[in-house]
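**Q** Here's a sequence, model it:
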Amino acid sequence: MDIKIVATEAEGANIALEMVKKQLIQNPQSTFGLATGSSPLAFYKALTDSDLDFTKAISINLDEYVGLSEDNPQSYHYFMKENLFNKKPFKKNYLPNGMASDLEVETKQYDQIIANNPIDLQILGIGRNGHIGFNEPGTPFNSGTHVVDLTESTIEANSRFFANENEVPKQAISMGLGSIQKSKKIILFAYGETKAKAIQGCVSDPVTTNVPASILQNLDDVTLIIDDSAAKFIKK
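**A** Residues are numbered from 1 along each chain as shown. This next block holds a predicted model:
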């Protein structure tokens, strides 16, 4: 695990930008796993400001809320269009369908999409409880795409994007930990003291399903881009 401690989110974004640039040079038809939330925003800004060409590349997003349509401003479809896809078109963008009439069928179809398009570089954030994607504590490490009942801490953390906490969906479709582990490279962003305990669990504590991100300790090519506040509890 390569841990890069940066002073600003812009500095972290530039490190990740260079990694993406190298990936595209190696393979313009790469598949990128993408995340939402506040942590990758500076990175997406760096991508849209760059001259990188993604028109031969594919994206596969980690998750989507159940019950939100693609045009809902709080959906992850909308988030990705506003922050990346409208400015940097890809050959194909895949996101879970939160409005699917049969969620079990949707999860199986999404697993097939991932199997057909192995992820070359996966972008991650991390929740305060150590979740990645919407894989909450207790999620099996071999899980595929599944429907998640969001924990109260996750609902509370995501309520800042909604008018009030009652509007936050209680379920989401998430790529599973088994799929995330198959990514050839992973970049995880974490900024701020509220992520410090999660980063400690990810980096320093034993690997356990109680901290889903701890599984990253077992993988070969993982880069953590974090600031001093998020690094607060890492064992030196």
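
**Q** May I have the lengthiest helix in the chain as CSV, with CA atoms only?
**A** Of all segments of type helix in the chain, defined using DSSP state H, the longest is helix 9-26. Provided in CSV are the C-alpha atoms of helix 9-26 (Å, rounded to 0.1, in the frame of the first residue of the first chain):
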residue,chain,number,x,y,z
GLU,A,9,-7.0,18.1,-2.2
ALA,A,10,-5.6,19.8,-5.3
GLU,A,11,-2.2,18.3,-4.7
GLY,A,12,-3.8,14.9,-4.2
ALA,A,13,-5.9,15.3,-7.4
ASN,A,14,-2.7,16.0,-9.4
ILE,A,15,-1.1,12.9,-8.2
ALA,A,16,-4.1,10.8,-9.2
LEU,A,17,-4.2,12.7,-12.6
GLU,A,18,-0.7,11.5,-13.4
MET,A,19,-1.7,8.0,-12.6
VAL,A,20,-4.7,8.2,-14.9
LYS,A,21,-2.6,9.7,-17.6
LYS,A,22,-0.1,6.8,-17.4
GLN,A,23,-3.0,4.3,-17.6
LEU,A,24,-4.5,5.9,-20.7
ILE,A,25,-1.1,5.9,-22.4
GLN,A,26,-0.7,2.2,-21.7
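
**Q** these two touch, right, Gln217 and Gly201?
**A** No. Using Cβ atoms under 8 Å, Gln217 makes no contact with Gly201, being 10.0 Å away. No exception for glycine: its C-beta is placed from N, CA and C like everyone else's.

**Q** helices or strands up against the longest helix of the chain?
**A** If contacts are counted by 3 or more Cβ pairs under 8 Å, 6 or more residues apart in numbering; DSSP states H and E, helix 9-26 sits against strand 2-6, helix 41-49, strand 121-124, strand 185-190, strand 222-227.

**Q** one more time with 6 Å
**A** helix 41-49 (3 or more Cβ pairs under 6 Å, 6 or more residues apart in numbering; DSSP states H and E).

**Q** Parallel or antiparallel, which strands does the following helix or strand past the helix it packs on pair with?
**A** For helix 41-49, the following helix or strand on the C-terminal side (DSSP states H and E) is strand 58-61. Here the strand partners of strand 58-61, with direction, are listed using DSSP bridges: strand 31-34 (parallel), strand 92-94 (parallel).

**Q** So which of those strands is nearest Thr154?
**A** Taking Cβ to Cβ as the criterion, strand 31-34 is the member of these that comes nearest to Thr154, at 18.9 Å.
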